[in-house]
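>>> coords please:
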Amino acid sequence: MVEYKVVETSLVTDEALEVILNRWTGAGWNYESMLFAMREASKRPAMAFVLFTRAAVDGDCREPGL
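Next up is the predicted model:
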C-alpha cells in the first residue's frame, strides 16, 4: 500500500522548495512531482504543491479522511 503526502507552499523560491524537498525526503518520503499554480498577471507561480510517497507502515490502514 502506498501513502501520499502533499505539501503546499505559497513561497515559491528555490530556497523554499529545497527546504521542503530536503525535509520530507530526509524523513523517508520519496519525491514524486511538483505542480505550480500560476497567476494570470504574473509569470511567477503563486503556489506550489510538492508530492511525495512512501510505503505505508504495516498496521497503518486508516480509513480515508481520518
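>>> in the chain, which spans are strands?
Assigned by DSSP state E, the strands in the chain fall at 2-9, 30-38, 45-55.
>>> Can you name the residues bridging to the residue nearest to residue 4 when sequence neighbours are not counted?
With sequence-adjacent residues excluded and distances taken as Cβ to Cβ, 6 or more residues apart in numbering, residue 4 is closest to residue 53, at 5.6 Å. Bear in mind the C-beta positions are built from the backbone N, C-alpha and C, glycine included. For residue 53, the beta-bridge partners are residue 4, residue 30 (DSSP bridges).
>>> got TSV for the strands of the chain, with mean pLDDT, mean neighbour count and distance to residue 21 too?
TSV is the format used below for those (pLDDT from 0 to 100; neighbours: other Cβ atoms under 10 Å; distance: least, Cβ to Cβ, whole Å):
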stretch	mean pLDDT	mean neighbour count	distance to residue 21
strand 2-9	97	12	9
strand 30-38	97	12	6
strand 45-55	97	15	7
